[in-house]
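[1] How does the following fold in three dimensions:
(chains A and B)
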Amino acid sequence: GAGVSQTPSNKVTEKGKYVELRCDPISGHTALYWYRQSLGQGPEFLIYFQGTGAADDSGLPNDRFFAVRPEGSVSTLKIQRTERGDSAVYLCASSYRTGAGGELFFGEGSRLTVL
Amino acid sequence: GQNIDQPTEMTATEGAIVQINCTYQTSGFNGLFWYQQHAGEAPTFLSYNVLDGLEEKGRFSSFLSRSKGYSYLLLKELQMKDSASYLCAVRDPRRANNLFFGTGTRLTVIP
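    Residues are numbered from 1 along each chain as shown, chains lettered A, B, ... in the order given. Okay, the predicted model is just below:
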């Protein structure tokens, strides 16, 4: 597609439920990033993929959060046993390269609300 | 670790010039990015600096001093549509070239 696509755009769930957020990056972009953004804050790093493997997953807050990118394109962020504190906008971004330059292109985000 | 600091909020007048500062302390450095984010929208790329000095792009310019761990974004001839959050981000080669963001500066342009 022309840009980074994220689905769903909005997700409301109950505490304790499982959610999946999907990201479809720009075609040909090998690097894919997940960030979480709370109101009035900058994007907080979660995990970064280079191809199919996680190059850096140190930002995942705990073992309830997991992300995959099995074929090096689409990625899914999975959150188990959701808590109210997980409510945020989850942003996905992709880039063609990660060396000098290599700007990130962001999707519109998935707004997660945990009741 | 990564520590990227920006002022939380700024206000400036339409037609004026505003400078948004960013200081950083990271384990490594491989470039600094500025992004613009309007409320409820995705961040969009504004500028990139990897060498010291000033990069100019129309009404927007960005400056970098690597020895001081300092950058600024300069916006000239402010327009009402420039009201947005401005995010400073640093690429760290010691973290697989990952990109880390500051908390952002919310700029309000007033008539």
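[2] by contact count, what packs against the lowest-mean-pLDDT helix or strand in chain A?
    Using mean pLDDT, DSSP states H and E, the weakest-scoring helix or strand in chain A turns out to be strand A:53-56, at a mean of 90. Secondary-structure packing of strand A:53-56 (3 or more CB pairs under 8 Å, 6 or more residues apart in numbering or on different chains; DSSP states H and E): strand A:44-50. Just so you know, the C-beta spots here come from the backbone N, C-alpha and C atoms, and that holds for glycine as well.
[3] ok, the strand it packs on: who's next to it in the sheet?
    Strand A:44-50 pairs in its sheet with strand A:31-37 (antiparallel), strand A:53-56 (antiparallel), by DSSP bridges.
[4] So what sits opposite A:Arg36 in the bridge?
    A:Glu44, A:Tyr90.
[5] From chain B, how far out is it?
    11 Å (CB to the nearest CB, to the nearest Å).
[6] What residues does that residue make contact with?
    A:43-44, A:46, A:88-91 (CB atoms under 8 Å, 6 or more residues apart in numbering or on different chains).
[7] contact partners of the helix or strand bottoming out on mean pLDDT in chain B?
    Ranking every helix and strand in chain B by mean pLDDT, DSSP H and E puts strand B:98-101 at the bottom, with a mean of 90. Applying CB under 8 Å, 6+ apart, the contact partners of strand B:98-101 are A:33, A:35, A:42-45, A:48, A:55-56, A:104, B:2, B:4, B:26, B:33, B:35, B:87-92.
[8] where along chain B do the strands fall?
    B:3-5, B:9-13, B:18-25, B:32-37, B:44-49, B:53-57, B:60-65, B:70-75, B:84-92, B:98-101, B:105-110 (DSSP state E).
[9] partners of the longest one, with directions?
    Based on DSSP bridges, the pairing partners of strand B:84-92 within the sheet are strand B:32-37 (antiparallel), strand B:98-101 (antiparallel), strand B:105-110 (antiparallel).
[10] among those, which is nearest A:Ser75?
    A:Ser75 sits nearest to strand B:98-101 of all the strands paired with strand B:84-92, at 15.4 Å, using CB to CB.
[11] Hmm, A:Ala93 is touching A:Gly107, no?
    Yes. Assessed by CB atoms under 8 Å, A:Ala93 is found in contact with A:Gly107 at 7.0 Å.
[12] These two: which has the busier surroundings?
    Neighbour count, other CB atoms under 10 Å in any protein chain shown: between A:Ala93 and A:Gly107, A:Ala93 has more, with 26 against 22.
[13] Check which helix or strand that one maps to.
    strand A:88-95 (DSSP states H and E).
[14] in that strand, what counts as buried?
    A:88-95 (16 or more other CB atoms under 10 Å in any protein chain shown).
[15] Now do that strand: everything it contacts.
    With CB under 8 Å, 6+ apart as the test, strand A:88-95 has contacts from A:4, A:6, A:21, A:23, A:25-26, A:29, A:31-38, A:43, A:46, A:75, A:77, A:102-107, A:109-112, B:42-43.
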